[in-house]
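Novice: Give me a model of this one.
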Amino acid sequence: MQLHFIKIIARQEWNTVFRSRTTRLLYFSLLAVSLLATITGWQYVSKFNRQQAVAHQQVHDHWMSQPDRHPHRVAHYGYLVFREKSPLSFFDFGLDSYVGNAVFLEAHRQNTINLSEASFSNGMLRFGELSLALVIQLLVPLLIVFIGFSTIAGLKQNGVLKILLCQRASFFDLLVGKTAGLTAAVWALFLPLILISLVAGSFFLSDDGLGIDSLLRIAIIVSLYAIYFLIVGVLVVGVSAVSTSAKNALMVLVSGWILSVVVIPKSAQTLGSKLHEAPNKIAFEQAIEAELSQQGDSHDPNDPHFAQLKASLLQKYGVDSVQALPLNYGALVMQESETISSALFSKHFDRLIGIYQSQNAVSSALAFVDPFLAIRNLSMNLCGTDFNSFTAFQQQTEHYRYQKSQRLNQIHLTQIRYKNDGQQKVSAKNWQQMPDFTFQPITITESLSTAGVSLAALTCWVLAGFGALYYISSKRNYLL
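Specialist: Residues are numbered from 1 along each chain as shown. Okay, here's the model as predicted:
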């Protein structure tokens with residue numbers, strides 16, 4: 001491999017790309033769509049987070065304005081928690097539109113997250129929302145196809161390829177040079193756009209501006225998309241090299257694009273659901289109720305678990321009735337019931353999450369067949385719009401709900417007498433001093449660790465792509 005000839009070929013391909021009127025027309029069309037996606041994404045995320053913040057403040061004000069009352073009434077009064085979008089979600093909406101945005105937290109019950117955009121939209125949402133990531137992932141590869149399908153096949157048709165190979169440059173040098181020139185042109189056209197939009201969007205949409213975490217995410221996102229463009233460029237040049245004509249190369253590449261962005265992703269989703277079938281909401285709740293009735297039902301006066309709890313307390317304090325206990329027995333029962341139900345919910349929820357992760361693993365594995373799946377998964381992970389980010393929100397809200405309920409149960413246990421329980425009240429300061437919910441986003445380390453398979457897939461695609469180019473160059477006598 002001779003770097004001097006590779007540079008000359010790459011420079012020539014660079015000039016060819018930028019001289020083409022077709023390239024300029026396609027680029028400015030994509031640029032207009034990209035700018036539209038970026039601006040609408042900024043506006044949407046900013047407006048959404050403002051609405052969530054206003055709703056949260058209203059809920060918090062209502063909570064703080066409660067008068068002195070019974071702590072168990074406060075527990076059932078409940079609290080609404082709203083999920084804000086991450087600063088980088090304007091770039092890649094990911095799963096945000098399909099998962100809920102608000103959850104009602106109350107004692108003795110774990111509610112699901114509701115109010116997703118998909119539940120209020122028509123069927124057009126299944127085709128995807130216009131985002132910059134969607135444009136970059138789907139349309140930029142198509143642009144590479146249209147400006148690169150004739151890189152080698154066109155040289156074959158006009159007889160220039162044989163003349164070039166009579167020089168000291170090898171067929172492999174030609175393939176690498178064409179790939180380098182094509183990829184560098186695409187990098188120059190789109191990487192600055194991605195970088196500027198991510199930096200500006202993160203700065204304006206984040207409360208803290210640009211932090212280290214945001215800068216690292218942006219740098220990795222830009223690098224990954226650069227690798228993605230390189231992979232597409234290698235594939236385009238490789239197909240062009242083995243095709244008998246530019247027309248055939250274009251047909252194969254367009255067919256491959258359709259297979260990559262439509263057929264394989266949809267098949268991966270269907271296959272994952274078939275291999276790892278998840279229970280519906282009714283079956284999920286019934287399984288928890290069935291196990292709860294076996295472990296301890298606080299509403300059943302003859303329940304063995306709570307009968308044993310009552311007997312042990314009477315023996316411990318040496319009294320013959322719950323009225324004589326130095327604590328509120330009713331509050332203790334509710335506290336124990338909360339512990340049991342919360343543990344059961346976490347157990348079944350973790351099992352459900354495991355099923356969904358197994359479904360997603362099918363898509364991750366197929367990234368070794370389709371690079372689009374790899375970049376899509378990585379983009380969602382780094383933008384905080386993936387399944388793991390939603391799961392983290394669900395788990396953190398459940399932890400917050402449990403802690404809040406148990407603090408109210410503790411107030412009930414220690415400040416309310418068992419006799420005439422329902423007629424007593426405690427000071428509102430007891431719940432006004434409780435901390436508010438604050439979501440802790442997944443760290444960049446956790447995001448990358450969960451996307452390890454997709455990272456490995458992209459690496460394999462780069463190595464396999466250049467390996468394929470080397471193999472193609474060794475068959476030059478059959479291809480000319």
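
Novice: mind checking the SS state of Asp96?
Specialist: coil (DSSP: H, G, I helix; E, B strand; the rest coil).

Novice: Over to the one 4 residues further on?
Specialist: Of the three states, Gly100 takes coil according to three-state DSSP.

Novice: Can you tell me how far the closest residue to it other than its chain neighbours is from Asp96?
Specialist: Closest residue in space to Gly100, ignoring its immediate chain neighbours: Ile113 at 3.1 Å, by Cβ to Cβ, 6 or more residues apart in numbering. Placement of C-beta: from N, CA and C, glycine included. In this view, Ile113 and Asp96 are 12 Å apart by Cβ to Cβ, to the nearest Å.

Novice: out of the two, which sits in the more crowded spot?
Specialist: Taking neighbours as other Cβ atoms under 10 Å, Ile113 and Asp96 compare with Asp96 leading, 26 against 18.

Novice: That one and Ile39, how far apart?
Specialist: Applying Cβ to Cβ to Asp96 and Ile39 gives a distance of 18 Å.

Novice: got it, and Ala367?
Specialist: Separation of Ala367 from Ile39 (Cβ to Cβ): 31 Å.

Novice: So which of those two has more stuff around it?
Specialist: When neighbours are counted by other Cβ under 10 Å, Ala367 and Ile39 differ, and Ala367 comes out ahead with 26 against 14.

Novice: what bits of the stretch 201-350 of the chain have low per-residue confidence?
Specialist: 297-301 (pLDDT under 70).

Novice: Leu95 contacts Asn388, doesn't it?
Specialist: No. If you go by Cβ atoms under 8 Å, Leu95 and Asn388 don't touch, sitting 10.0 Å apart.

Novice: So for the two, which sits in the more crowded spot?
Specialist: Asn388 (20 against 16).

Novice: I figured the more buried one hits Asn377, correct?
Specialist: No. Applying Cβ under 8 Å, one finds Asn388 not in contact with Asn377, separated by 10.5 Å.

Novice: and the top helix by length along the chain, what does it pack onto?
Specialist: The longest helix of the chain (DSSP state H) is helix 21-64. Using 3 or more Cβ pairs under 8 Å, 6 or more residues apart in numbering; DSSP states H and E, the elements in contact with helix 21-64 are strand 79-82, helix 132-134, helix 140-148, helix 171-205.

Novice: Could you check how many residues crowd around Ser197?
Specialist: By other Cβ under 10 Å, the residues close to Ser197 number 22.

Novice: Which pLDDT value belongs to it?
Specialist: Looking at Ser197, its pLDDT is 94.

Novice: Nearest residue to it in space, please, no chain neighbours.
Specialist: Thr38 (4.7 Å).

Novice: Can you point out the buried residues in the helix or strand containing Ala10?
Specialist: Under the criterion of DSSP states H and E, Ala10 resides in helix 3-19. Residues of helix 3-19 classed as buried: Phe5, Ile6, Ile8, Ile9, Ala10, Glu13, Trp14, Thr16, Val17 (neighbour count, 16 or more other Cβ atoms under 10 Å).

Novice: likewise stretch 315-329?
Specialist: Those would be Val322, Leu325, Leu327, Asn328, Tyr329, for stretch 315-329 by 16+ other Cβ under 10 Å.

Novice: Span of it from start to end?
Specialist: 14 Å (Cα to Cα, to the nearest Å).

Novice: and if you look at stretch 410-426?
Specialist: 12 Å.

Novice: How far off centre is it?
Specialist: 45 Å (Cα atoms, centre = their mean, to the nearest Å).

Novice: Likewise for stretch 248-266?
Specialist: For stretch 248-266, the distance to the chain centre is 25 Å (Cα atoms, centre = their mean).

Novice: any idea how far the nearest residue to Glu13 once chain neighbours are set aside is from His70?
Specialist: Using Cβ to Cβ, 6+ apart and skipping the chain neighbours, the partner closest in space to Glu13 is Gly181 (2.7 Å). The gap separating Gly181 from His70 is 75 Å, by Cβ to Cβ.

Novice: Of these two, which one has the most company?
Specialist: Each of Gly181 and His70 has its neighbours counted (other Cβ under 10 Å); Gly181 has more, 26 against 18.

Novice: Wait, that one touches Lys7, no?
Specialist: No. Gly181 lies out of contact with Lys7 (Cβ under 8 Å); the separation is 9.3 Å.

Novice: In contact with the residue located most distally from the centre of the chain, which residues are there?
Specialist: Most distant from the centre of the chain: Asp320, at 56.7 Å, with distances by Cα atoms, centre = their mean. Listed by Cβ atoms under 8 Å, 6 or more residues apart in numbering, the contact set of Asp320 reads Leu314.
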